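Visitor: Need a 3D model of the sequence below.
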Amino acid sequence: MESIEKDIKENTSNQSLSSYEMGRDDVNVICTYGKISVWFGRQTPEVVVGRILISISRIDKSAVHEVEIVCPFEKITEYESHGYVLVSYAKCEGGYRATFHIPFYNKKALFFFAEHIVKKLQHRDVNIDIYWSGDDSDITRLTEHLKEIDDWKVKNINYKDNNKENQEK
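Guide: Numbering: from 1, shown residues only. Below is the predicted model of the structure:
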């Protein structure tokens, strides 16, 4: 792990990251500019789900996950009471299709979201996308937070090919 972190620090001064993949057997996190994709395997412990979400919120309070839920109209206000931000809703078969943003600055929303993920993990793997404004230094800081999770490791680092970009211009 230390050699990879050293590699990041040496290379990020003259090369930008394209993607940064880390995790363990039951979790995979891929960071890019604009998005963090997380795969939670069914065996992921609750504490790991929580630590990942909290770590992301510490690095970028403006991070957000978008979720679409079909529910009765009355349930929309229940989701809002848990900190979800209603973006849009429309009547559909089975109730209302509501789109919410889950803001990472809101601990109540994050806790409710973590509970939702844990419930889903009882039946299947869970994939989520989190939109953020992270850059190389944020990815490095996130890695520092997450490496405290048991068996956490860096899996893959891809750098932008600056020579290729220059040739295309």
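Visitor: and Ser88, what does it touch?
Guide: Ser88 makes contact with Ala98, Thr99 under the criterion Cβ atoms under 8 Å, 6 or more residues apart in numbering. For every residue, glycine as well, the C-beta is placed using N, CA and C.
Visitor: same thing but 7 Å
Guide: With contact set as Cβ atoms under 7 Å, 6 or more residues apart in numbering, Ser88 has these partners: Thr99.
Visitor: does it sit in a helix, a strand or a coil?
Guide: Secondary structure, DSSP: H, G, I helix; E, B strand; the rest coil: Ser88 is strand.
Visitor: Ignoring the adjacent residues along the chain, who's closest to Tyr20?
Guide: Counting by Cβ to Cβ, 6 or more residues apart in numbering, Tyr20 lies nearest to Cys31, which is 4.6 Å off, once chain neighbours are set aside.
Visitor: Before we go further, the one you found is sitting in a strand, right?
Guide: Yes: Cys31 forms part of a strand when assessed by three-state DSSP.
Visitor: What does the pLDDT read for it?
Guide: With respect to pLDDT, Cys31 scores 97.
Visitor: what pairs with it across the strands?
Guide: Beta-bridge partners for Cys31, by DSSP bridges, are Tyr20, Ile36.
Visitor: now swap in Tyr131 and tell me
Guide: Beta-bridge partners, per DSSP bridges, of Tyr131: Lys35, Val64.
Visitor: Distance-wise, check it relative to Leu146.
Guide: As judged by Cβ to Cβ, to the nearest Å, Tyr131 and Leu146 stand 18 Å apart.
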